[in-house]
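**Student:** Fold the following for me, if possible:
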Amino acid sequence: MTGGDDAAHLAPGLGPAWPERAAWGTATPLRAWQSAAMTQYFDAMPRDFLAVATPGAGKTTFALSVAAELLGRRQVDRITIVAPTEHLKLQWAEAAATAGIPIDPAYAAGKGKTSQDYLGIAVTYAGVGVNPLALRIRTERFRTLVILDEIHHAGDALSWGEGVREAFEPAHRRLALTGTPFRSDINPIPFVTYAPGPDGVPRSVADYTYGYAEALADRVVRPVMFMAYSGELQWRTRAGDEVAARLGEPLTKDLTAQALRTALDPEGSWIPSVLSAADMRLSEVRRHVPDAGAMVIASDQDAARAYARTLKSLTGETPALVLSDEKGASKKISEFAAGDSRWMVAVRMVSEGVDVPRLAVGVYATTVSTPLFFAQAVGRFVRARARGESASVFLPSVPSLLQYAAELEVARDHVLQRKVSDEGDLFAAEDDLLARAQAGEAASAELEAVPFEALGSQAHFDRVLFDGAEFGHEGEVHVGSEEEMDFLGIPGLLEPDQMRELLAQRQSDRRAKRPARPDPEPREVATHEQLALLRRELNGLVAAWHHRTGQAHGITHAALRKECGGPAAAVATADVLRKRIDRLREWASRAS
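**Tutor:** Residues are numbered from 1 along each chain as shown. Below is the predicted model:
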């Protein structure tokens, strides 16, 4: 779009204008969505622009391409990049250098100056909150483009949001990026536009959206195979009572939290079994992708160290251990990304944007179970490099995590004036949980308030979730069995349709191998079991309806409540749940 006199005014090192220009100095052209988003941006030339793109899609490339074009047109003089963490400041600076845009990642607002060799600076949201006035003065001195990476962090603390607004209100251009669901809050995020949704509640409005489903269809990201593990757990409460439960079965909120903590206890058998299974999966992937790597996401630093010791004993190789308070954390990540070693264990450094494209296997071993953190974590494994690559994420069979895995493609806007939806679409205090986990603390004050002692744990393979379907969930499968290896041994290079067909075939083979069992004596089903089964059936049908129509789960639940009456599914009676199930089946029948 840029030519004539404009082409003669490009900044040094920027090369010809987009779209002919290769993406920030590489031989790879812009992806279709990046080019389309740039066309939309430069057609409108807005002061504020919000781009929502799934992790791994290339938001950094898009933003730097916009920056290069604006610099080339002499429409901005300086760039300010705001990132969530210190590591991401370095990552942005390295990517910008490749684009010919020198960025100072060590800028300190208190000093107020930087070398004239730089065209911009990179700061953190926390840094902006500490000294917004210094950044405002800098922003006023130049025609500045501000890139707000993962802008939902501007709402993580009141001082951060106020600081961002004060520092960058005079900016010439603001480009906001996010790849994960916005937080639910009554406070609007600075420089984001809101409009009333179908229910009258204000929701954030993106200028350009590129979701996981679109990116998967375009082969921009990898498909994810979730490997869920249940197991038998025992623990002792503060009152001295010993509790035994199976991970994944219907439990109260407190018991679910204690069961998850017991499973993740480094001294039990659950974690070593799952880490061993994940390492087997990694070995299979590395047969086809030799440099494939794996990462464990731990709840805190003590657990991370223990998991690293377990991995060393399992593999004979010392994994990279990345802790947030260590000075060399960023260097360790960069070395792991550039090498070919097998494992990394991390806590805070899993934050969104951390770029290790060779990560292909993950173990979700953290007690943080919010949709925001889950999306960020899974986003570390979906960055596509070659056709046929897939990701495998191992996780506990906790209902909330299984739901997030099934809803991977669902996009959530930032909703104002509402804390928690009827069907759990929004989660109160999720950012507090995330912030504590990112700081290496315990996942939740609520968990800390329920002291207990883990006594023992055994892991069992539960099921595989892929492309909205479940495979293998037909009874207890022991770790290390042939049945488990049927799924761990899936080839490391497969197209999504080949993966789906192979999983279905393995499922069919399992059924054929199982001996016929006599029908059990009928027994009366307890009320809590009946309600749990009905809720699971309803949620499964809602998920299938979403995959068929694209309608968000919360909207479908709301429509069913309007037609059938009754409260939220979590507290509805069995009769009400059956009515909603029947009504949804009617919709599906009519749609066919």
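**Student:** And the protein, what are its domain boundaries?
**Tutor:** What the record gives for the chain is the domain set 6-217, 224-513, 527-591, from automatic domain parsing.
**Student:** how about the ones you listed in CSV, adding mean neighbour count and mean pLDDT?
**Tutor:** C-betas here are computed from N, CA, C, even on glycine. Output for those, formatted as CSV (neighbours: other Cβ atoms under 10 Å; pLDDT from 0 to 100):
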stretch, mean neighbour count, mean pLDDT
domain 6-217, 19, 83
domain 224-513, 19, 80
domain 527-591, 16, 82
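**Student:** How are the strands of the stretch 251-400 of the chain distributed by residue range?
**Tutor:** For the stretch 251-400 of the chain, applying DSSP state E, counting those that start in this stretch gives strands covering 293-298, 320-322, 343-346, 359-365, 391-396.
**Student:** Any idea which of those strands gets closest to Ala245?
**Tutor:** With Cβ to Cβ as the measure, strand 391-396 is the member of the strands of the stretch 251-400 of the chain nearest Ala245 (12.5 Å).
**Student:** What strand or helix carries Glu249?
**Tutor:** Glu249 belongs to no helix or strand when elements are defined using DSSP states H and E.
**Student:** tell me the phi and psi of it?
**Tutor:** Main-chain dihedrals, Glu249, degrees, to the nearest 10: phi -80, psi 160.
**Student:** picking that back up, relative to Val378, which of the strands of the stretch 251-400 of the chain is closest?
**Tutor:** Closest approach to Val378 among the strands of the stretch 251-400 of the chain (Cβ to Cβ): strand 391-396, 6.0 Å.
**Student:** for that closest one, packing partners?
**Tutor:** Counting contacts by 3 or more Cβ pairs under 8 Å, 6 or more residues apart in numbering; DSSP states H and E, strand 391-396 is packed against strand 224-237, helix 270-288, strand 359-365, helix 399-406.
**Student:** send the alpha carbons of it over as PDB?
**Tutor:** Provided in PDB are the C-alpha atoms of strand 391-396 (Å, rounded to 0.1, in the frame of the first residue of the first chain):
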ATOM      1  CA  ALA A 391       1.000 -31.000  21.100                       C
ATOM      2  CA  SER A 392       0.300 -33.400  24.000                       C
ATOM      3  CA  VAL A 393      -0.700 -31.900  27.300                       C
ATOM      4  CA  PHE A 394      -1.000 -34.200  30.400                       C
ATOM      5  CA  LEU A 395      -3.400 -33.000  33.100                       C
ATOM      6  CA  PRO A 396      -5.300 -34.200  36.200                       C
END
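**Student:** starting at the chain centroid, how far to that strand?
**Tutor:** Strand 391-396 sits 12 Å away from the centroid of its parent chain (Cα atoms, centre = their mean, to the nearest Å).
**Student:** do the same with stretch 291-303
**Tutor:** Offset of stretch 291-303 from its chain centre (Cα atoms, centre = their mean): 15 Å.
**Student:** same question, stretch 556-571
**Tutor:** In terms of Cα atoms, centre = their mean, the centre of stretch 556-571 is set 28 Å apart from its chain centre.
**Student:** again, but for stretch 50-59
**Tutor:** 12 Å.
**Student:** got it, and stretch 200-207?
**Tutor:** With Cα atoms, centre = their mean as the basis, stretch 200-207 stands 21 Å off its chain's centre.
**Student:** Now do that stretch: distance from first to last residue.
**Tutor:** End-to-end distance of stretch 200-207: 20 Å, with Cα to Cα, to the nearest Å as the criterion.
**Student:** and what of stretch 309-322?
**Tutor:** Counting by Cα to Cα, you get 13 Å between the two ends of stretch 309-322.
**Student:** Could I get the full set of helices for the stretch 101-250 of the chain?
**Tutor:** For the stretch 101-250 of the chain, applying DSSP state H, counting those that start in this stretch gives helices covering 125-130, 132-141, 158-168, 212-217.
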